[in-house]
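K.L.:
Got a predicted structure here, sequence first:
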Amino acid sequence: MNVFDEMGSYWAEIADGNQTDRQVNFIKNSLKPPGVILDLACGTGRHLIPLSKEGYSVVGLDISSKLLLIAKSRWREAQLVIADMRFLPFKPEAFAAAISMDTSFGYLATMQDDLQSLCELNAILRKSGVLVVDVFNRERLIKRYKANNQPKWREYPSFYLLQERTITADGSFLLDMWTIQDKADGHNRVFEHIARLYMVAELQTLLEKTCFTVNAVYGDYDGQNFKPTSSRLILMATTT
């Protein structure tokens, strides 16, 4: 069972509160393809559902059955597929574009797994198909959590969250230890969340190895150019 299945509705509340509107607006400003978009690691459908309701044709894919059930409960018409992103169950060139938003890329065990998932994406995208990859800015996180690594409490509708965040010594992984105190039963539950962090050059190299051409690199959802202090690392690429 992956951490997202374990967390279920807790994760839904965390994700919902994390800049969803800004992310959806970024996608709308960046993509207007005359075809179907794949929402990779779509989770609870927080990007897929508003995009679909505005006329985009979107299919969501995730490995978490619990998150997909939440997505379906939010909108019965959602087109959802449960699968591993390393083995995409679609025909070649089935999609005009694909999106991987809010650090949904980087949870696989090895960099080779990430490379395989990008190969799969290239195969199911049309010629000149667009890929958007949105992840943490590694440089900014390293500086931020070396300077201030104090645990933080946050409140959500049904629970309190204590987040203890660290970066590995080589800067390659973000490690989160989340203690959740449920408001209804008062019980504490602990979850570990690990994500691989990429430098811009590393991610660009992976994309080029899998026959993508990087066309733009942004540092936030307003479309500002990327710099070391940017809040995000967002790459726009096309198939070659």
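P.N.:
Nice, I can see it. Numbering: from 1, shown residues only.
K.L.:
In the chain, spot the strand with the most residues.
P.N.:
The longest strand of the chain (DSSP state E) is strand 125-136.
K.L.:
could you give the mean pLDDT of stretch 78-94?
P.N.:
Computed over stretch 78-94, the mean pLDDT rounds to 97.
K.L.:
what about that stretch, how long is it end to end?
P.N.:
Taking Cα to Cα, to the nearest Å, stretch 78-94 runs 18 Å from one end to the other.
K.L.:
Show residues contacting it.
P.N.:
Contacts to stretch 78-94, defined as Cβ atoms under 8 Å, 6 or more residues apart in numbering, come from residues 36, 38, 40-42, 45, 48-49, 52, 58-65, 68, 71-72, 108, 113, 116-117, 120-121, 123-127, 129. Any C-beta I mention is one placed from the backbone N, CA and C, and that applies to glycine too.
K.L.:
same question, stretch 179-188
P.N.:
7, 10, 158-162, 164, 189-191.
K.L.:
Go ahead and build a ChimeraX selection from the buried members of those.
P.N.:
In ChimeraX, a selection of the buried entries from these looks like this (16 or more other Cβ atoms under 10 Å):
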select :7,10,159,161,191
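K.L.:
Make JSON lines out of the contacts of stretch 179-188 and add secondary structure.
P.N.:
Putting those into JSON lines (DSSP: H, G, I helix; E, B strand; the rest coil) gives the following:
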{"residue": "Met7", "secondary structure": "helix"}
{"residue": "Tyr10", "secondary structure": "helix"}
{"residue": "Ser158", "secondary structure": "coil"}
{"residue": "Phe159", "secondary structure": "strand"}
{"residue": "Tyr160", "secondary structure": "strand"}
{"residue": "Leu161", "secondary structure": "strand"}
{"residue": "Leu162", "secondary structure": "strand"}
{"residue": "Glu164", "secondary structure": "strand"}
{"residue": "Arg189", "secondary structure": "strand"}
{"residue": "Val190", "secondary structure": "strand"}
{"residue": "Phe191", "secondary structure": "strand"}
